[in-house]
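Novice: Quick check, what structure comes out for this input:
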Amino acid sequence: QVQFVESGGGLVQPGGSLRLSCAASLEPSIPFRAYNLGWYRQAPGKQRELVARITAGHSTDYTDSVKGRFTISRDDPKETVYLQMNNLKPEDTAVYYCNAVRLTSGDYYPLYNSWGQGTQVTVSS
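Specialist: The predicted structure follows:
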């Protein structure tokens, strides 16, 4: 059974930092290191969006609004993916989720329909 457990969120002032973690239990027939992984977020009243992704080869990409502020990384032996968030802004307030991702027609989509509980990030003074 595929499972994602996100942690590390909280309340932080603008300009602050947080480090999110996601422990993933994926299909045992596929090595964790073979998966492309991503961090998503969903703000109230908005659709879930992919904010960062890291490939099996450790290539990374980010949505424009977080470039230069967020860093995605992975620890394959620990089957964990991280999101370091610096210089946080109020517009970063959202519930953050992780998932494996697949590349289809030049774009990335979540690989699994099941999601974890997410971790709430609130940026406010």
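
Novice: Return the list of helices and strands in contact with the lowest-mean-pLDDT helix or strand in the chain.
Specialist: Using mean pLDDT, DSSP states H and E, strand 107-110 stands out as the lowest-scoring helix or strand of the chain, at a mean of 92. In terms of contacts (3 or more C-beta pairs under 8 Å, 6 or more residues apart in numbering; DSSP states H and E), strand 107-110 is packed against strand 36-42, strand 94-104. C-betas here are computed from N, CA, C, even on glycine.

Novice: Export that strand to PDB, keeping only CA atoms.
Specialist: Taking only C-alpha atoms (Å, rounded to 0.1, in the frame of the first residue of the first chain), the coordinates of strand 107-110 have been written out as PDB:
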ATOM      1  CA  ASP A 107       4.400  17.800 -18.000                       C
ATOM      2  CA  TYR A 108       4.500  16.200 -14.500                       C
ATOM      3  CA  TYR A 109       1.500  14.600 -12.900                       C
ATOM      4  CA  PRO A 110       1.000  12.800  -9.600                       C
END
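
Novice: What lies in contact with it?
Specialist: Applying C-beta atoms under 8 Å, 6 or more residues apart in numbering, the external contacts of strand 107-110 come out as 36, 38, 40, 50, 53, 99, 100, 101, 102.

Novice: Also stretch 112-125?
Specialist: Taking C-beta under 8 Å, 6+ apart as the rule, stretch 112-125 contacts 2-14, 16, 18, 20, 22, 41-42, 85, 88-100.

Novice: go with 7 Å
Specialist: Stretch 112-125 has contacts (C-beta atoms under 7 Å, 6 or more residues apart in numbering) with 2, 4-9, 11-14, 18, 20, 88-90, 92-100.

Novice: do stretch 90-101 as well
Specialist: 4, 6, 9, 14, 20, 22, 24, 26, 35-43, 53, 81, 83, 85, 108-112, 115-116, 118-124.
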